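*Asks:* following is a predicted model, sequence given first.
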Amino acid sequence: MSNLSNFVKRIRDIMRNDAGINGDAQRIEQIAWMLFLKVYDAKEEDWMVDDLDYVSIIPEECRWKNWAVDDKSGNAMTGDKLLDFVNNTLFPILKGLEVTPDTPIKKAVVKTTFEDANNYMKDGVLLRQVINVIDELDLNDYDEINAFGEIYEGILKELQSAGSSGEFYTPRAVTDFMAKMIQPQIGEKMADFACGTGGFLTSWLNELKAKIKTTSDQEAYDNSIFGVEKKQFPYMLCITNMLLHDINVPNIRHSNSLLHDVLDYTERDQFDVILMNPPYGGNEKDDVKNHFPSDLASSETADLFMSVIMYRLKKNGRAAVILPDGFLFGTDNAKIAIKKKLLADFNLHTIIRMPHSVFAPYTSITTNILFFDRTEPTKEVWFYRLDMPDGYKNFSKTKPMKLEHFAPVMEWWNDKEEIVVDGFDKAKKYSIEDISARNYNIDLCGYPHIEEEILPPKDLILQYREKRASLNTDIDRVLAQITDILGIDLTEED
């Protein structure tokens with residue numbers, strides 16, 4: 001392909017003329033299913049070379065090479081004929097593929113990828129033009145496929161500004177930092193139970209790849225990831241992402257990690273490493289909360305995922321998890337119970353306070369990275385405030401966070417020491433006794449110079465709601481202590 005950097009722009013320019021495409025989210029979803037079929041077709045060619053008995057799960061008429069490729073003979077489908085084939089043959093057949101428990105994962109992913117996919121384009125001529133641009137990709141050219149990996153990363157990054165789809169993208173600098181600090185080892189299995197487009201999975205693979213020395217190492221690498229994604233669109237992107245990273249059997253489930261009783265998990269359901277940015281800000285229905293012990297049954301999505309993580313981390317396993325400030329300062333009953341369990345059953349050794357706007361423009365809520373392992377109860381927790389880099393007032397789409405911005409914390413990591421800047425704690429160690437005395441409010445080493453910032457209405461409401469709940473709990477606790485000291489029983493009637 002002559003100009004990979006122009007790839008997305010060419011497709012965008014074509015799609016702008018199609019009445020069926022309404023906004024970035026639909027445009028990217030349209031690209032996604034075509035890219036999947038193109039990439040899957042290239043992988044099948046490889047599988048057929050390695051296995052002469054290989055038979056595709058996709059009927060011949062629906063394989064990319066048999067309907068999408070334009071051989072310039074003038075016979076390629078276009079216009080109404082192409083539109084009719086895609087809408088009335090291709091999609092119904094792929095959605096209706098017969099899959100059983102015995103179907104290999106690399107075949108079953110075709111049906112799960114297309115279960116809720118849609119063709120939005122209404123102009124068959126424009127659809128043909130888009131297909132031709134995508135088909136120009138030479139997925140047998142090593143240099144080109146590596147270059148395309150960068151383009152694909154750019155497509156995923158665009159999700160940040162694609163409305164509600166933005167929740168599926170964690171900045172690459174953040175996922176790379178977390179994977180680097182967790183230090184992957186050959187033979188370990190890593191999981192992300194809300195994996196979105198696969199950012200943590202690819203950062204893990206990239207970090208692990210340098211350690212491959214033997215064929216058995218390669219086999220362990222190929223089987224080192226596990227992901228779960230609830231929503232169809234990011235699931236499709238994640239599968240394609242894994243295929244592009246040469247994971248021929250992408251162990252990614254299209255499911256909801258919260259719809260399973262956590263008490264039913266056994267050692268077979270546990271992992272050596274968990275890397276996650278759980279969805280937050282959402283409220284779950286009562287039937288979801290029924291899958292958790294009553295004291296851990298929060299209505300906040302991120303809290304529930306923390307419980308899943310704790311039940312699915314192996315003994316001696318390691319985890320790095322992104323959580324909003326509300327988890328740190330929250331002192332409602334469920335949050336306290338979750339934090340007590342975390343500190344009693346795990347070693348929460350480090351919390352990195354991240355600067356604001358890391359996830360802009362999707363959300364302005366400030367977040368933190370919690371590093372813990374399942375080795376022993378927590379004795380002390382180190383907090384480190386990562387300040388905004390020099391020259392930056394905010395991160396943005398044009399000035400995103402970079403891995404180099406984590407350099408200060410990486411330098412501090414192996415030789416932790418307390419740091420005070422302008423009279424405020426930047427890095428400090430707190431004992432478990434300190435934390436208990438604070439009623440498990442671990443909003444520590446925060447940002448001292450609060451600049452006035454206008455939050456989007458949703459973020460503002462979420463922030464106020466969490467702070468109000470925390471304050472109400474603190475007030476109730478203090479009142480209970482006072483009435484107990486005074487011997488007053490407020491339940492008595494006059």
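*Replies:* Yes, it's here.
*Asks:* distance of the residue nearest to N283 when sequence neighbours are not counted relative to F193?
*Replies:* Nearest non-adjacent residue to N283, counting by C-beta to C-beta, 6 or more residues apart in numbering: S299, 4.8 Å away. Every residue, glycine included, has its C-beta placed from N, CA and C. Counting by C-beta to C-beta, to the nearest Å, the gap from S299 to F193 is 18 Å.
*Asks:* more neighbours: which of these two?
*Replies:* Using other C-beta atoms under 10 Å as the criterion, S299 and F193 rank with F193 on top: 23 against 15.
*Asks:* so who does that one touch?
*Replies:* G227, V228, S257, I274, M276, P278, F305, V308, I309, R312 (C-beta atoms under 8 Å, 6 or more residues apart in numbering).
*Asks:* try 6 Å
*Replies:* By C-beta atoms under 6 Å, 6 or more residues apart in numbering, the contact set of F193 is V228, S257, V308.
*Asks:* again, but for F372
*Replies:* A319, F346, N347, L348.
*Asks:* and it, helix, strand or coil?
*Replies:* Under DSSP: H, G, I helix; E, B strand; the rest coil, F372 falls in the strand class.
*Asks:* same question, the one 5 residues further on
*Replies:* Classification of P377 into helix, strand or coil gives coil, according to three-state DSSP.
*Asks:* and it, how many residues sit next to it?
*Replies:* Neighbours around P377, by other C-beta under 10 Å: 12.
*Asks:* quick check: closest non-adjacent residue to it.
*Replies:* A344 (5.4 Å).
*Asks:* count the neighbours of the one you found for me.
*Replies:* So A344, with other C-beta under 10 Å, has 10 neighbours.
*Asks:* backbone phi and psi for it, please?
*Replies:* phi -80, psi -40 (degrees, to the nearest 10).
*Asks:* any figure for the gap between it and C238?
*Replies:* 34 Å.
*Asks:* isn't P324 right up against I365?
*Replies:* Yes. Look at P324 against I365 with C-beta atoms under 6 Å: they come within range, at 5.1 Å.
*Asks:* quick one: buried residues of the longest strand seen in the chain?
*Replies:* Longest among the strand segments of the chain by residue count, using DSSP state E, is strand 313-324. Neighbour-count burial for strand 313-324 flags L313, K314, G317, R318, A319, A320, V321, I322, L323, P324 (criterion: 16 or more other C-beta atoms under 10 Å).
*Asks:* that strand pairs with which strands, parallel or anti?
*Replies:* Note on strand 313-324: by DSSP bridges, its sheet partners are strand 271-276 (parallel), strand 367-373 (antiparallel).
*Asks:* distance from the first one to the middle of the chain?
*Replies:* Think strand 271-276. Computed by C-alpha atoms, centre = their mean, to the nearest Å, the separation of strand 271-276 from the middle of its chain amounts to 12 Å.
*Asks:* again with the last one
*Replies:* Going by C-alpha atoms, centre = their mean, the spacing between the C-alpha centre of strand 367-373 and its chain's C-alpha centre is 15 Å.
*Asks:* wait, is K340 part of a strand?
*Replies:* No. Per three-state DSSP, K340 lies outside any strand segment and is helix.
*Asks:* ok, it - how many residues close by?
*Replies:* 15.
*Asks:* repeat for E45
*Replies:* E45, neighbours per other C-beta under 10 Å, totals 12.
*Asks:* same question, the one 5 residues further on
*Replies:* D50 is surrounded by 8 other residues when neighbours are defined as other C-beta under 10 Å.
*Asks:* how about T103?
*Replies:* 15.
*Asks:* list the residues that contact it.
*Replies:* Per C-beta under 6 Å, 6+ apart, neighbours of T103: none.
*Asks:* can I assume it sits in a helix?
*Replies:* No. T103 sits outside any helix when classified using three-state DSSP, being coil.
*Asks:* follow-up on the earlier one: now the strands paired with strand 313-324 as CSV including distance to G446 and mean pLDDT?
*Replies:* Shown next, in CSV, are these (distance: least, C-beta to C-beta, whole Å; pLDDT from 0 to 100):
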stretch, distance to G446, mean pLDDT
strand 271-276, 23, 98
strand 367-373, 10, 97
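*Asks:* most tightly surrounded among those strands?
*Replies:* Of all these, strand 271-276 carries the top mean neighbour count, a mean of 24, counting by mean count of other C-beta atoms under 10 Å.
*Asks:* send me that strand as PDB with only the CA atoms.
*Replies:* Written as PDB, here are the backbone C-alpha positions of strand 271-276 (Å, rounded to 0.1, in the frame of the first residue of the first chain):
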ATOM      1  CA  PHE A 271      -4.700 -15.900  36.900                       C
ATOM      2  CA  ASP A 272      -1.100 -15.000  37.600                       C
ATOM      3  CA  VAL A 273      -1.500 -11.400  36.500                       C
ATOM      4  CA  ILE A 274      -4.500  -9.100  36.200                       C
ATOM      5  CA  LEU A 275      -4.200  -5.700  34.300                       C
ATOM      6  CA  MET A 276      -7.400  -3.700  34.100                       C
END
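*Asks:* remind me which residues of the stretch 301-450 of the chain are low pLDDT?
*Replies:* 361-362, 449-450 (pLDDT under 70).
*Asks:* at 80 instead, please
*Replies:* Confidence mapping of the stretch 301-450 of the chain against pLDDT under 80 gives the ranges 360-364, 397-398, 449-450.
*Asks:* just the strands in it please.
*Replies:* Assigned by DSSP state E, counting those that start in this stretch, the stretch 301-450 of the chain shows strands spanning 313-324, 347-353, 367-373, 380-385, 419-421, 424-431.
*Asks:* please state the offset of the longest one from the chain centre?
*Replies:* I take that to be strand 313-324. So, by C-alpha atoms, centre = their mean, the centroid of strand 313-324 is 14 Å from its chain's centroid.
*Asks:* next, the buried residues of the strand or helix carrying V133.
*Replies:* Counting by DSSP states H and E, the element that carries V133 is helix 124-135. Of the residues in helix 124-135, G124, L126, L127, R128, Q129, V130, I131, N132, V133, I134, D135 count as buried by neighbour count, 16+ other C-beta under 10 Å.
*Asks:* got those residues as TSV, with pLDDT and distance to R63 columns?
*Replies:* Listed next are these as TSV, based on pLDDT from 0 to 100; distance: C-beta to C-beta, whole Å:
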residue	pLDDT	distance to R63
G124	97	20
L126	97	23
L127	97	18
R128	97	17
Q129	96	21
V130	96	18
I131	96	14
N132	95	17
V133	92	19
I134	92	15
D135	92	13
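*Asks:* neighbours around D287, how many?
*Replies:* Around D287 there are 8 residues (other C-beta under 10 Å).
*Asks:* how near is it to A194?
*Replies:* 18 Å.
*Asks:* same check on T113?
*Replies:* From T113 to A194 the distance is 18 Å (C-beta to C-beta).
*Asks:* out of the strands of the stretch 301-450 of the chain, which gets nearest to E98?
*Replies:* Of all the strands of the stretch 301-450 of the chain, strand 313-324 sits nearest to E98, with 35.5 Å by C-beta to C-beta.
*Asks:* now the angle from the closest one to strand 347-353?
*Replies:* Here strand 313-324 runs at an angle of 20 degrees relative to strand 347-353 (axes from the mean of the first three to the mean of the last three C-alpha atoms, to 10 degrees).
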